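K.L.:
need coordinates for the below:
(2 chains)
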Protein chains: 2
Amino acid sequence: MSVYTKVLPHQLTEFLQNYTLGQLEQFAGINDGIENSNYFVTTSNGEYVLTLFEVLTREELPYFLELMAFLAEHEIPSAHPVADNGGHYLRELNSKPAALVKRLKGASVDIPTARQCGEIGKQMGRMHNASKEFPLHRKMVRGPKWWRATAESVMPQLSDQGAELLSKELDYQFSHLFHNLPVGVIHADLFLDNALFVGDELTGIIDFYYACNNFFIYDLAVTINDWCTTGDNERDLRNARVLLSSYQQERKVTVEELDAWPAMLRAAALRFWLSRLQDKYFPRGGEITHIKDPDEFKLILLNRVENADKVSTMWDHA
Amino acid sequence: MSVYTKVLPHQLTEFLQNYTLGQLEQFAGINDGIENSNYFVTTSNGEYVLTLFEVLTREELPYFLELMAFLAEHEIPSAHPVADNGGHYLRELNSKPAALVKRLKGASVDIPTARQCGEIGKQMGRMHNASKEFPLHRKMVRGPKWWRATAESVMPQLSDQGAELLSKELDYQFSHLFHNLPVGVIHADLFLDNALFVGDELTGIIDFYYACNNFFIYDLAVTINDWCTTGDNERDLRNARVLLSSYQQERKVTVEELDAWPAMLRAAALRFWLSRLQDKYFPRGGEITHIKDPDEFKLILLNRVENADKVSTMWDHA
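P.N.:
Predicted coordinates:
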């Protein structure tokens, strides 16, 4: 993670006095996430994850914590935040906003099976349906305006070929901005490492800190770009079909969404190419342990551009 | 940690096929230790810690793994390594030597209570007694020869005052080398963060990777220098007395050991001052997240030098 706030045992013990969770039994820092400091905390009552938010502010956090509670209560596999004795999800620890959530069973996978793809498609569909009743609202932070500003700042670092691809893609996206697609709460970062499985059973969706109100179809594009780009084209297409048809069992996509699909896949690839370029060339201060390779998403974008006429086949079995 | 080897979920799943531990349920990298990469692994059979050894070699590791098994079997609270289907504790993962050990309950404390000090004293005494039957042997790596070599390499980085303290201490230690003190297997790094507690109950001693055959009294000095230097002199003296008298309930120290005590406390402080200076000025490659402050041990050394005539009072109640 980029920044890491150390929590000493006596600080945790004091913090836990604001909850009714019994005696501390285990405590360990985990190497997960890029923007938060995370700890496993086990008490005589159960297993929890303690998160200290290094980037998000006290003003932004209620949206995410309320969303997690809402989804868990709607039986979307996700971690319910734990309320303190005053009924609040959000506290402070070592001068950082901090929250406890229940720890879920399950581990992420790096090469998903078709069944796992079906599970995530289904739960994303359920999440999109349920979200219609969620009362809070948050704009997408990493949308078109952010693409343009970030592209400007990383452009000088790119090769000629990279700069040309980026600049052409921005032109394409800004001439294909959508306004009338179905919207609601989306996860917006549902990569493989944000889904936990035991066998083929999806036990949890985690890391909701990019969630926002935006196009449902964009959420699918982000996920397909990560889950169904393992390099084995046959498997990737088969898995994408399973994912999208399972999604449609829950929520039928519109003709407009299908038309937008090629552009959405490109937009989703662009967004992660840009954020990884930003992390690489403008790392935040602190202790950096994970810099992900931007080229992975440059290649996905190139692939989406070159195969724009073929990507609708992912929906064939839908 | 200084180096961190990433383990992907499919690599872990494949690795676990060498064991009979059931289905994978949880998997997370932990931010612990300086010289190894550690993961929590939960299967349907239980909770384990997976360690990839970044510095120690295949030749060195059997001493530590056999020692852990030996101590756990002698009911010293410690983690038993898990044998693979071929009966071996040591395997390889991602080109690193790797082992699974049972995960213990408990969390470390940073400000120990008198009872916790008593517990660690007692279990150290039991460990020293039991170790007489342990058949393997390992020399201390961070002894006088290493002090001298390391002092030479860090000396140019020190202030005049620091260099003078270091050089005088080396002179003192080399004119006070001991040869006839009781020896056996010692942990040699039993700091607070290597002991796990639930309440005042010691549930585990961990991180045996500096264990070696050397003076029992040195092991006590290392532990007292960390556990009983919280800055509250009254508490520190009281806790040291409890720790040492609990130790003596298990193993009575000799007159020679008591005479060596002031020099041992200084030797133990010197060893950790030097290793922290080395980590600071000559960090190993890789992703560095923990550099501990060397000055902490410079101050402990200074304190031990200045109060050499008083440290025997720690034994008053023994």
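K.L.:
and the end-to-end length of stretch A:224-238?
P.N.:
Stretch A:224-238 has its terminal residues 12 Å apart, counting by Cα to Cα, to the nearest Å.
K.L.:
buried residues in stretch A:144-158?
P.N.:
A:147, A:150-151, A:154, A:158 (16 or more other Cβ atoms under 10 Å in any protein chain shown). Glycine gets a C-beta too; all of them are placed from N, C-alpha and C.
K.L.:
would you turn these into a markdown table with secondary structure, pLDDT and distance to chain B?
P.N.:
Listed next are the buried residues of stretch A:144-158 as a markdown table, based on DSSP: H, G, I helix; E, B strand; the rest coil; pLDDT from 0 to 100; distance: Cβ to the nearest Cβ, whole Å:
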| residue | secondary structure | pLDDT | distance to chain B |
| --- | --- | --- | --- |
| A:147 | helix | 97 | 29 |
| A:150 | helix | 97 | 25 |
| A:151 | helix | 97 | 29 |
| A:154 | helix | 96 | 23 |
| A:158 | coil | 96 | 25 |
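K.L.:
what's the farthest-apart pair in the residues you listed?
P.N.:
The span of the buried residues of stretch A:144-158, defined through Cβ to Cβ, is set by A:147 and A:158 at 14.4 Å.
K.L.:
what part of chain A, helix or strand, is modelled with the least confidence?
P.N.:
Of the helices and strands making up chain A, the lowest-confidence element is strand A:24-30, at a mean of 91, by mean pLDDT, DSSP states H and E.
K.L.:
just checking, what packs against that strand?
P.N.:
helix A:9-16, strand A:36-43, strand B:24-30 (3 or more Cβ pairs under 8 Å, 6 or more residues apart in numbering or on different chains; DSSP states H and E).
K.L.:
that one versus helix A:9-16: what angle between them?
P.N.:
Calculated by axes from the mean of the first three to the mean of the last three Cα atoms, to 10 degrees, strand A:24-30 forms an angle of 110 degrees with helix A:9-16.
K.L.:
just name the most buried of the helices and strands packed on strand A:24-30.
P.N.:
strand A:36-43 (a mean of 23; mean count of other Cβ atoms under 10 Å in any protein chain shown).
K.L.:
what lines up beside that one in the sheet?
P.N.:
Next to strand A:36-43 in the sheet, as set by DSSP bridges, lie strand A:24-30 (antiparallel), strand A:46-53 (antiparallel).
K.L.:
check contacts around residue A:238.
P.N.:
residue A:114 (Cβ atoms under 8 Å, 6 or more residues apart in numbering or on different chains).
K.L.:
is it located within a helix, as I assumed?
P.N.:
Yes. With DSSP: H, G, I helix; E, B strand; the rest coil as the criterion, residue A:238 is located in a helix.
K.L.:
where does pLDDT dip in the stretch 151-300 of chain A?
P.N.:
A:284-290 (pLDDT under 70).
K.L.:
now the strands for it?
P.N.:
A:183-186, A:195-198, A:201-205, A:212-215 (DSSP state E, counting those that start in this stretch).
K.L.:
residue B:315 is nearest to which of those strands?
P.N.:
strand A:195-198 (52.7 Å).
K.L.:
what about the closest one, distance to the chain center?
P.N.:
14 Å (Cα atoms, centre = their mean, to the nearest Å).
K.L.:
got the contact list for that strand?
P.N.:
By Cβ under 8 Å, 6+ apart, the list of residues contacting strand A:195-198 reads A:77, A:104-109, A:116, A:119-120, A:202-206, B:23-25.
K.L.:
if you set the cut-off to 6 Å instead, what comes out?
P.N.:
A:104-106, A:108-109, A:116, A:120, A:203-205, B:25 (Cβ atoms under 6 Å, 6 or more residues apart in numbering or on different chains).
K.L.:
how about those in a markdown table, adding distance to residue B:19?
P.N.:
Output for these, formatted as a markdown table (distance: Cβ to Cβ, whole Å):
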| residue | distance to residue B:19 |
| --- | --- |
| A:104 | 24 |
| A:105 | 20 |
| A:106 | 20 |
| A:108 | 20 |
| A:109 | 19 |
| A:116 | 23 |
| A:120 | 29 |
| A:203 | 22 |
| A:204 | 25 |
| A:205 | 29 |
| B:25 | 14 |
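K.L.:
narrow those to just the buried residues.
P.N.:
Applying 16+ other Cβ under 10 Å to these flags A:104, A:106, A:108-109, A:116, A:120, A:203-205, B:25 as buried.
K.L.:
which one of those residues is nearest residue A:262?
P.N.:
residue A:120 (21.4 Å).
K.L.:
list the contacts of that closest one.
P.N.:
residue A:195.
K.L.:
report whether it is found in a helix, as I expect.
P.N.:
Yes. The assignment for residue A:120 is a helix, going by three-state DSSP.
K.L.:
near chain B, which residues of the stretch 51-200 of chain A?
P.N.:
Those residues of the stretch 51-200 of chain A that sit near chain B, judged by Cβ under 6 Å from any Cβ of the partner chain, are A:105, A:107-111, A:198.
K.L.:
could you redo the last one with a cut-off of 10 Å?
P.N.:
Within reach of chain B by Cβ under 10 Å from any Cβ of the partner chain, the stretch 51-200 of chain A has these residues: A:103-112, A:192-193, A:196-199.
K.L.:
please determine how far the closest residue to residue A:170 other than its chain neighbours is located from residue A:222.
P.N.:
Leaving out its chain neighbours, the residue that sits closest to residue A:170 by Cβ to Cβ, 6 or more residues apart in numbering or on different chains is residue A:151, at 5.7 Å. Distance, residue A:151 to residue A:222, by Cβ to Cβ, to the nearest Å: 18 Å.
K.L.:
same thing with residue A:146?
P.N.:
15 Å.
K.L.:
residue contacts, the closest residue to residue A:105 other than its chain neighbours?
P.N.:
Take residue A:105 and drop its neighbours on the chain: the residue closest to it by Cβ to Cβ, 6+ apart is residue A:203, 4.8 Å away. By Cβ atoms under 10 Å, 6 or more residues apart in numbering or on different chains, residue A:203 lies in contact with A:77-78, A:104-107, A:119, A:195-197, B:25-26.
K.L.:
as TSV, these with distance to residue A:5 would be great.
P.N.:
Listed next are the contacts of residue A:203 as TSV, based on distance: Cβ to Cβ, whole Å:
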residue	distance to residue A:5
A:77	28
A:78	24
A:104	23
A:105	26
A:106	26
A:107	25
A:119	34
A:195	26
A:196	24
A:197	29
B:25	28
B:26	23
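K.L.:
hang on, the earlier thing: now the two most distant members of the residues of the stretch 51-200 of chain A next to chain B.
P.N.:
A:103 and A:111 (24.3 Å).
K.L.:
surely residue A:146 touches residue A:274?
P.N.:
Yes. With contact defined as Cβ atoms under 10 Å, residue A:146 and residue A:274 form a contacting pair (7.8 Å).
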